[in-house]
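Q: coords please:
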Amino acid sequence: TQSVTITLSAVVGETIKQWQPHVLSFTSSQTRNWSEFPLQVTFTHPQSGTLLTLDGYWDGGNTWRVRFAPTLSGTWEWTSSSNDAGLNSKFGTIIATTPLTNDIAGNPNYRGHVKTNNRYFTYADGTPYFLLGDTNWNMVSSNTTPGDELDRWIADRKAKGFTAVMTRFMANGEFAGEGGKMPFYGGGRTDLNDAYFRDVDERVSYIWEQGFVVMGHPDWIMGGNAFTLDEGIDISRYMFARFSAYNIMWSLTGEFQYAAENNNHWFWNNYADTRTLGNAVEAHNPYGHPVSIHPGGCGGDSASTLGGCGGSSSYFHNEAWLDNNWIQTHFTWEAIPGTIREAYDRSPAKPVIQSEPCYEGMTGGWSPFYGSRAECTSYLARMQGWISMLSGAAGHLYGADGLYYADNWNSLSFPGSSAVGYMKNFFTARSQWWLMTPTLDCISIDGVTLVNDNMSHPRCAGVAGSFYAAYLPDGISGTVRFKNIVNGTYRAQW
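A: I've put the predicted structure just below:
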């Protein structure tokens, strides 16, 4: 009989708040590639029996880290496992305290990670979450520097009522990261740049501290310079290991229909590799963050130059990994009502998000359906928000020319950003706003009910017996009458 001696290295416990991201650091005994994922750490909450196993992520040299956010208050015990002696059999405890009321008021992320709930979103504590996001695809560049533009951007959006930011996590050949850094060295996808990802850490951490949810995808990984399936799985797993302790909402890629345009493997066999990536992401999504996929900007189910338009529901609605649907109507804003309804009417019910409307102030552009596009005015930026929410959306993403690529910060003052903040405040002041149901026949104009998805027609939604809200686009005049509403006494506001 042989005896085996196992040496366990204890780490003295620390006290943090529930949901507060916390990093544990480890040193491997030998050099490992970032995509090996040699380290897993299991966190146990003895009081409830909850187990949470997290991947470690490489952070340069022989350094590996695990970022953990306690989902429950109380004592957590953790143990590492690895085939590397330097990473294996470490253990320790973490004590999580319940966030105070003031903590939550200052940072709603202390309510916990956002989850889907039928047609809407909630924080982990059950509080409904109104998703109002702003778009900055160059968040990791020198144009969005912490302590300068980043802070200015987030402060402005926070004051206006925004609750999320939309971004991509990796720079590409079009734009570099801070100081010219790129996610990988040498133009390939083998030699990961740990310094680049520490820049991402700094930004995501700050945004979390300010109470925002971070939405995004690795990059346009299915475009012209497409990732292989293995590369897509590895980088997605790495990002979940590195960032999933924060409050995030994930998209597999940007504008997945570009795979069809480029006729690459992500598109072949009815997007088989895309579905495989979705399943792999869900397998490494320990906190159960919402997962979707960002579509191209056509709207509807019609064919187009992108090999078929439509939001995520048109292709992936029944996939187990997809728990909320995204649409994009960047060049086809007329398609907003119909594209949202197409997702809203599917079963099972899943929340639908307007993930990319037209960007306020942008001129030009082209649509396969409508030809050349005029300017996306402040009125249109406001209108898109109201039409989206009253058509059944559970969230709205705003964008501004000059900000979506972080190259003109004067666009922070565009009036549309304030207008969508007013919209959010209007809804959240109403009881059970998250249960709003869209309807096309609850108002009439001079006795005529407009019952189609025309963007220029009035939109109406409400909670039966509680409140009803209607939006009338410019150019409508006449007597407005509410109809088909639950009997009762209502107070009207214009």
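Q: Now do the helices in this structure.
A: Using DSSP state H, the helices of the chain run over residues 101-106, 149-159, 194-209, 229-243, 258-261, 268-283, 313-316, 336-344, 378-390, 415-428.
Q: By mean pLDDT, show me the worst of these.
A: Comparing mean pLDDT across those, the lowest value falls on helix 258-261: a mean of 84.
Q: Let me see the contact set for the residue lying closest to Phe267 once chain neighbours are set aside.
A: Among residues not flanking Phe267 along the chain, Ala259 sits closest, at 3.8 Å (Cβ to Cβ, 6 or more residues apart in numbering). Placement of C-beta: from N, CA and C, glycine included. By Cβ atoms under 8 Å, 6 or more residues apart in numbering, the contact set of Ala259 is Met222, Gly223, Ala226, His265, Trp266, Phe267, Tyr271, Thr274, Gly307.
Q: repeat for Val114
A: Val114 touches Phe121, Thr122, Tyr123, Ala124, Tyr129, Leu131, Val213, Asn247, Met249, His289, Pro290, counting by Cβ under 8 Å, 6+ apart.
Q: possible to save these as a markdown table with pLDDT, distance to Thr363 and neighbour count?
A: A markdown table is the format used below for the contacts of Val114 (pLDDT from 0 to 100; distance: Cβ to Cβ, whole Å; neighbours: other Cβ atoms under 10 Å):
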| residue | pLDDT | distance to Thr363 | neighbour count |
| --- | --- | --- | --- |
| Phe121 | 98 | 33 | 25 |
| Thr122 | 98 | 39 | 18 |
| Tyr123 | 98 | 38 | 20 |
| Ala124 | 98 | 42 | 20 |
| Tyr129 | 98 | 34 | 23 |
| Leu131 | 98 | 28 | 24 |
| Val213 | 98 | 30 | 26 |
| Asn247 | 98 | 35 | 31 |
| Met249 | 98 | 30 | 25 |
| His289 | 98 | 36 | 22 |
| Pro290 | 98 | 33 | 23 |
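Q: export the residues you listed to a markdown table and tack on distance to Asp345?
A: Listed next are the contacts of Val114 as a markdown table, based on distance: Cβ to Cβ, whole Å:
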| residue | distance to Asp345 |
| --- | --- |
| Phe121 | 19 |
| Thr122 | 22 |
| Tyr123 | 27 |
| Ala124 | 28 |
| Tyr129 | 23 |
| Leu131 | 20 |
| Val213 | 26 |
| Asn247 | 29 |
| Met249 | 23 |
| His289 | 25 |
| Pro290 | 20 |
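Q: quick one: Glu174 and Ala429, what's the gap?
A: Distance of Glu174 to Ala429, computed by Cβ to Cβ, to the nearest Å: 41 Å.
Q: got it, and Glu261?
A: Counting by Cβ to Cβ, the separation of Glu261 from Ala429 is 43 Å.
Q: Between those two, which is the more surrounded one?
A: Glu261 (17 against 9; other Cβ atoms under 10 Å).
Q: Make sure His317 is actually in contact with Asn325.
A: Yes: with contacts counted by Cβ atoms under 8 Å, His317 reaches Asn325, the gap being 6.8 Å.
Q: higher neighbour count, those two?
A: Asn325 (27 against 16).
Q: Report the buried residues of stretch 269-289.
A: For stretch 269-289, burial by neighbour count (16 or more other Cβ atoms under 10 Å) applies to 271, 273-275, 277-278, 280-282, 284-287, 289.
Q: Spatially, which residue comes closest to His457, not counting chain neighbours?
A: Leu450 (4.2 Å).
Q: Now for the one you found, how many residues are close by?
A: Burial of Leu450 is recorded as 16 neighbouring residues (other Cβ under 10 Å).
Q: Likewise for the one 5 residues further on?
A: Residues lying near Met455 (other Cβ under 10 Å) number 19.
Q: thought Phe68 was touching Leu54?
A: Yes: shown here, Phe68 and Leu54 form a contact pair, counting by Cβ under 8 Å, at 6.2 Å.
Q: Point out where the stretch 1-150 of the chain drops to low pLDDT.
A: Scanning the stretch 1-150 of the chain for pLDDT under 70 picks out 1-12.
Q: what's the pLDDT at the residue nearest in space to the middle of the chain?
A: Most central in the chain under Cα atoms, centre = their mean is Met215, positioned 2.5 Å from the mean C-alpha point. With respect to pLDDT, Met215 scores 98.
Q: There's contact between it and Phe162 in this structure, I believe.
A: No: in this structure, Met215 is not within contact of Phe162 by Cβ under 8 Å, at 11.5 Å.
Q: hey, what's in contact with both of these two?
A: Gly133.
Q: Return stretch 108-125 as PDB; C-alpha atoms alone will do.
A: Presented in PDB, the C-alpha positions along stretch 108-125 are these (Å, rounded to 0.1, in the frame of the first residue of the first chain):
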ATOM      1  CA  PRO A 108     -27.700  48.700  -8.100                       C
ATOM      2  CA  ASN A 109     -25.300  46.000  -9.100                       C
ATOM      3  CA  TYR A 110     -25.500  45.000  -5.500                       C
ATOM      4  CA  ARG A 111     -28.900  43.700  -6.300                       C
ATOM      5  CA  GLY A 112     -27.200  40.900  -8.200                       C
ATOM      6  CA  HIS A 113     -26.700  39.800 -11.800                       C
ATOM      7  CA  VAL A 114     -29.400  40.600 -14.300                       C
ATOM      8  CA  LYS A 115     -31.600  37.600 -15.300                       C
ATOM      9  CA  THR A 116     -34.400  37.000 -17.800                       C
ATOM     10  CA  ASN A 117     -38.000  36.600 -16.500                       C
ATOM     11  CA  ASN A 118     -40.400  35.800 -19.300                       C
ATOM     12  CA  ARG A 119     -40.700  39.000 -21.200                       C
ATOM     13  CA  TYR A 120     -38.600  41.300 -19.000                       C
ATOM     14  CA  PHE A 121     -35.400  41.400 -17.000                       C
ATOM     15  CA  THR A 122     -34.800  41.400 -13.200                       C
ATOM     16  CA  TYR A 123     -31.800  41.700 -10.900                       C
ATOM     17  CA  ALA A 124     -31.100  38.600  -8.900                       C
ATOM     18  CA  ASP A 125     -33.100  39.900  -6.000                       C
END
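Q: Much appreciated, bye for now.
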